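# following is a predicted model, sequence given first.
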Amino acid sequence: MSGGTRWIPLTYDGSGNHHCIDLSPADEGTHGQIIIMWHDMEERRILASSYKEWLESIADKIETAGYEEIFESGEFEF
């Protein structure tokens, strides 16, 4: 994290990439939004406007795809 950036990592893939809670969003963002922070990309895409919204989207994916398919295959994308 550099400057005034305040992100709390929620996930980690072993390569420096994270999904983060953003506590210092840009003007168009929302405090507490969930962003993607890929170590080799400047863009910080917003995934959800809140932790609750992000967690609900994960639960929806699990219900749709099934637990075994998501976690045993290792192909789950947040």
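Yep, it's here. Numbering: from 1, shown residues only.
# could you measure from residue 5 over to residue 14?
22 Å (CB to CB, to the nearest Å). Where you see a C-beta, it was placed from the backbone N, CA and C, and this is true even at glycine.
# more crowded one of the two?
residue 5 (12 against 5; other CB atoms under 10 Å).
# list the buried ones in the longest helix anywhere in the chain?
Looking across the chain with DSSP state H, the single longest helix is helix 51-65. For helix 51-65, the neighbour count (16 or more other CB atoms under 10 Å) marks residue 54 as buried.
# packing partners of that helix?
strand 33-37, strand 46-48 (3 or more CB pairs under 8 Å, 6 or more residues apart in numbering; DSSP states H and E).
# in what helix or strand does residue 20 lie?
Using DSSP states H and E, residue 20 falls within strand 18-22.
# pairing partners for that strand, with directions?
strand 7-9 (antiparallel), strand 33-37 (antiparallel) (DSSP bridges).
# most tightly surrounded among those strands?
When you average the neighbours per residue for each of the strands paired with strand 18-22 (mean count of other CB atoms under 10 Å), strand 33-37 leads with a mean of 21.
# average model confidence for stretch 31-48?
Regarding stretch 31-48, the rounded mean pLDDT is 89.
# pull the residues that contact that stretch.
7, 9-10, 15-23, 25, 29, 49-51, 53-54, 57, 78 (CB atoms under 8 Å, 6 or more residues apart in numbering).
# which parts of it are buried?
With burial defined by 16+ other CB under 10 Å, the residues of stretch 31-48 counted as buried are 32, 33, 34, 35, 36, 37, 44, 48.
# output the residues you listed in TSV; the columns should cover distance to residue 61.
Compiled in TSV, the buried residues of stretch 31-48 are given as follows (distance: CB to CB, whole Å):
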residue	distance to residue 61
32	21
33	19
34	14
35	18
36	16
37	20
44	22
48	12
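# as TSV, the helices and strands packed on helix 51-65 with distance to residue 62 would be great.
As requested, the helices and strands packed on helix 51-65 are exported to TSV (distance: least, CB to CB, whole Å):
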stretch	distance to residue 62
strand 33-37	17
strand 46-48	16
